[in-house]
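below are the sequence and a predicted model; questions follow.
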Amino acid sequence: MPEILRVAVPVPLPQLFDYRAPRGVRVAPGCRVLVPFGPGRQVAVVVGSAAHSEVDPAKLKSVSAVLDTTPLLGEELLATLQWAARYYQHPLGAVLETALPVGLRQAKPLPFEGYRALALSADGRATSADTLRRGTRIRTLFERLAAGPLTYAALDVALPGWRDSAAALRQRGLIETVAVAASAEVAPCTAAPALNPAQAEAVSRIAAQLQRFQPWLLQGVTGSGKTEVYLGLIEHVVAAGRQALVLVPEIGLTPQTLRRFRDRFGNGVHALHSGLAEGERSRAWLAAARGEAQVILGTRSAVFAPLPRLGLIAVDEEHDASYKQQDGFRYHARDLAVVRARALGIPVVLGSATPSLESLANAASGRYEKLLLPLRAGSAQPPQLRVVDARRTRLSHGLGPELLTALRATLARGEQALIFRNRRGYAPVLLCHDCGWHADCERCAKPMTLHRQRGRLVCHHCEAERRVPVHCEECNSTNLMPQGQGTERLEEALGELFPDTALVRIDRETTRRRGALEALLDRLGPNQPGIYIGTQMLAKGHDLPNLTLVAILGVDEGLHSIDFRASERLGQLIVQVAGRAGRAHKPGTVLLQTHHPDHPLLARLLRGGYAALAEELLAERRAAELPPYAHLALLRAEAKEMAAVEEFLHACAAAAGAVEGVDLSGPIPAPMPLRAGLARAQLLLSALDRTRLQAALPGWLESWRQLPSARRVRWSLDVDPIDL
Ligand code: ADP
Ligand code: ZN
Ligand code: ZN
């Protein structure tokens, strides 16, 4: 029997640690143990065992306690996490820490089996609903609870925005929070719609091959019914007694999405995302691990859900940037979904109206199978996209005459419009009209955004805030003018232009509170005219059947970005926002207002759609030897002084030396050379052959860790970076 356990400890050190196993107990890989570490103790995960250790027997410590009798992490998941630690060059202990919910990183027994629920209190049961005003949300909540307790999860689905009403009832002592056992309170209630031929073909082709690894790229125009394809496939998977994992972007996991899945699969659907309270997260995780959950619907980190009978993975909006973790363990959830599917021999479906160039290249090379959904589901028509030339027109608050005419006509028909502007706040710049000075963030050297309602200048890069100055800090003039439009200013302008129209602004400010996004999206009834104003939060998620006009503002800034992915991102954003128009039976129009109507990107998009744009961008990437035709890793460093950053990066480049097939460029300043008061620069590593880069990285990292200058900067390595 092996005497030594090799464990991963959640610390930023790359190695595993050896401990003496407790006598007479078999501890399998994937179990958690409590171990003495430094001055304290740590919860560690057993990765393997050995008969002997290299550690001096006198120094070898013993495991303090075994926390799990059966592995918390199954064989496949543990193997995937080890693979990811190697691939992303991140310490395994820190990787495991990302994968495990906080509640399970502690040396506590597993959480209780109950779910938090709301119920009427004794006072509440003695109170008649008639004491509450008829037709209010508060009364609706009270009446629902009078019929029996409801879990928080069920309330999120049934009554989005219920927390405010609950606070009011709680204050009056009418309700309380209780724990209930998991119950079948939400039974499946809708049958599948008849699939259209393209959907049916997609389902049947994938369903015919559920027993083997195959990535499928499901490219379907917005509103083509991709979700219906996932649901149809999950039916096959669940019927076969297996589990499904569905990943959605951060912003995509709305109560509406959850409701759609619950309507179909009832309580077997568990949500897993960072917005959950710790206990809820641990419970969903354990429900997955024990095989109780049939479907896990989650955001990025749900790719690490333990699913012993996993039979299918779907990644919705696979191009979305939120799948890439941008700090700590910088993994890409879509890519890891493919890695897990391969390990398990199951299909993985990557869905998008605007696939990433990476996935399109994989489809072109035959590694992925492509399935097309060319038409909108049901009776909806594709929206008409038109470029509106803003040159030589009089813009009123950034809105040109053609746009205003279209807006008036839409409202007159009783329909809704969406004004898309990807800038929150009132104005991106506060400018002195007399001398040209503008209010910049001292810590980032970039203009601060004016937030007029809050009466603050806010830096959108570091969140620094200050009072709005009354005088120019250069010439003392009081002639300070807001420049450009943010969503807050557009809302004000539209309020003046259309005083009798309902306006709904959706951005990070207006949706800060939980449930606020839902409440706002529900504010306009399906038959009421009105205007939505918002940032990319409005680009996905919701079906607004009466929305027929989309106006896109401010794309010009995106046309001049230096990031090599900027064109891809802008194309995706335009197509996604445009896709909000005309999703039901009324046709939609999309107006894109620009000062560069002849820009090649817009021309290409208009004539050939996203497919044509993507094809051209891929050709450019190939010629420039950029991803997906090359593989990158980015070494970032920051410190108070640029000299320290440069010294470190030069030392890194020297320590790396020349490796055939791997190019090293830099140090070069970061896209933001100053952020939050820190000077930043980077070293870019690239290779046409991924394996060469992968082979070089571990040795380099080891030598960089030894550099004396490494202790004077904050640095990190990002494998497959998406922001350069
Ligand atoms: P996507 O995920 O591609 O944006 P959805 O799956 O959300 O598309 O479908 C768009 C709309 O079309 C939804 O309202 C959905 O209920 C409806 N829909 C999807 N498939 C069908 C179908 N086969 N018949 C009728 N309506 C459908
Ligand atoms: Zn001035
Ligand atoms: Zn700043």
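Structure received. Ligands and ions are numbered 1, 2, ... in the order given.

check which element follows whichever helix or strand Arg283 is part of along the chain.
Per DSSP states H and E, Arg283 falls inside helix 278-289. The helix or strand immediately downstream of helix 278-289 is strand 295-298, counting by DSSP H and E.

direction included, what does that following strand pair against?
Sheet partners assigned to strand 295-298 using DSSP bridges are listed as strand 243-247 (parallel), strand 269-272 (parallel).

nearest to ligand 1, out of the ones you listed?
strand 243-247 (11.5 Å; CB to the nearest ligand atom). All C-beta spots, glycine's among them, are computed from the backbone N, C-alpha and C.

so which helix or strand takes in the residue lying closest to Asp723 once chain neighbours are set aside?
Excluding its sequence neighbours, the residue lying closest to Asp723 (CB to CB, 6 or more residues apart in numbering) is Asp563, at 6.8 Å. Secondary structure from DSSP H and E places Asp563 outside every helix and strand.

list the contacts for Asp563?
Residues in contact with Asp563 (CB atoms under 8 Å, 6 or more residues apart in numbering) are Arg569, Pro671, Asp723, Leu724.

tally of neighbours for the nearest residue to Leu538 once chain neighbours are set aside?
Ranked by CB to CB, 6+ apart and with sequence neighbours excluded, the top spatial neighbour of Leu538 is Ile506, at 5.4 Å. Ile506 is flanked by 23 other residues according to other CB atoms under 10 Å.

for Ile506, name its beta-bridge partners.
So, taking DSSP bridges as the rule, Ile506 has Gly534 as bridge partners.

of the contacts of Asp563, closest to ligand 2?
Of all the contacts of Asp563, ligand 2 sits closest to Pro671, with 28.6 Å by CB to the ion.

wait, a strand at the closest one?
Yes. Counting by DSSP: H, G, I helix; E, B strand; the rest coil, Pro671 falls inside a strand.

any idea of the mean pLDDT in stretch 90-102?
What stretch 90-102 shows for mean pLDDT is 89.

how far does that stretch sit from its chain's centre?
19 Å (CA atoms, centre = their mean, to the nearest Å).

going forward, begin numbering at 2 instead of 1
Got it, first residue is 2 now, which makes that one stretch 91-103.

so what touches that stretch?
So stretch 91-103 is contacted by 9-15, 17, 45-46, 48, 73-74, 78, 82-83, 85-86, 89, 106, 279, 282-283, 286, 302, 305, 326, 329-332 (CB under 8 Å, 6+ apart).

buried stuff in that stretch?
By neighbour count on 16 or more other CB atoms under 10 Å, the buried set for stretch 91-103 is His91, Pro92, Leu93, Gly94, Ala95, Val96, Leu97, Glu98, Thr99, Ala100, Leu101, Pro102.

quick one: stretch 443-450 near ligand 3?
Yes. Using CB under 5 Å from the ion, stretch 443-450 reaches ligand 3 at Arg444, Cys445.

quick check: the gap between the residue of the stretch 552-701 of the chain found nearest ligand 2 and Val646.
Nearest to ligand 2, among the residues of the stretch 552-701 of the chain, is Leu675, at 22.9 Å (CB to the ion). According to CB to CB, to the nearest Å, Leu675 stands 11 Å off from Val646.

so which of those two has more stuff around it?
More neighbours surround Val646 than the other of Leu675 and Val646, with 28 against 20 (other CB under 10 Å).

torsion angles phi and psi at the more buried one?
Torsion angles at Val646 (phi, psi; degrees, to the nearest 10) stand at phi -60, psi -50.

need the residues of this structure near ligand 1, please.
Residues of the chain lying close to ligand 1 by CB under 6 Å from any ligand atom are 194-197, 200, 221, 223-229, 378-379, 544.

at 5 Å what do you get?
Counting by CB under 5 Å from any ligand atom, the chain comes close to ligand 1 at 194, 196-197, 221, 224-229, 378-379, 544.

Leu119: neighbouring residues, count only.
Residues within reach of Leu119, counting by other CB under 10 Å, total 25.
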